[in-house]
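K.L.:
sequence plus the predicted model coming up.
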Amino acid sequence: MTGEYDLAVLFAGMEPVLGDDIWLFVTLPDRTRAARLDAILRFEEAEGTTLIVTEAVAQAEGLDGVFPSRMITLNVHSALEAVGFLAPIATRLAAEGMGVNPVAGFFHDHLFIPADRAEDAMRVLRAMRAEGQPSSRT
């Protein structure tokens, strides 16, 4: 099951969906503890395990999280090898003054956007979809 490579098709078919949860990025040096936590993402780094967890999980576990964010799922099946899909998105969001932490899943790309800028990000993504092509214009 392969995803789409054509950027025009990807942008025209992109259906961004904003999730309700607030997510936090945390790190734990204790890999055993990290493995027990409910996380949407787990990534092993030399310094410890990076997790993306809900605000509720972080609070319940007494974890100090950073980058309170909301997740936007792009809902278009992009190929993992597709070139140039996320770069114009990150560029447009940067032009709006917001950082983005993208995560590629097998079927979809997901964007972690500052929680207080999520609606702004959705506006940008809808505009990019309407344009049907990658663009760094604001």
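P.N.:
It's in.
K.L.:
how deep is the nearest residue to residue 71 once chain neighbours are set aside tucked in, by neighbour count?
P.N.:
Nearest in space to residue 71, with sequence neighbours left out and distances taken as Cβ to Cβ, 6 or more residues apart in numbering, is residue 19 at 4.4 Å. No exception for glycine: its C-beta is placed from N, CA and C like everyone else's. The local packing of residue 19 (other Cβ atoms under 10 Å) involves 15 other residues.
K.L.:
isn't residue 19 right next to residue 72, touching?
P.N.:
Yes: assessed by Cβ atoms under 8 Å, residue 19 is found in contact with residue 72 at 7.3 Å.
K.L.:
which one is the residue nearest to the spatial centre of the chain nearest to, not counting chain neighbours?
P.N.:
With the centre of the chain defined as its mean C-alpha position, the nearest residue by Cα atoms, centre = their mean is residue 111, 1.8 Å away. Counting by Cβ to Cβ, 6+ apart, residue 72 is the residue found nearest to residue 111 once chain neighbours are left out, at 4.5 Å.
K.L.:
hmm, back to that, and the residue nearest to residue 71, how far from residue 42?
P.N.:
From residue 19 across to residue 42, the span is 18 Å (Cβ to Cβ, to the nearest Å).
K.L.:
with residue 95 instead?
P.N.:
Applying Cβ to Cβ to residue 95 and residue 42 gives a distance of 31 Å.
K.L.:
more neighbours, these two?
P.N.:
For residue 95 versus residue 42, neighbours defined as other Cβ under 10 Å are more numerous around residue 42 (15 against 12).
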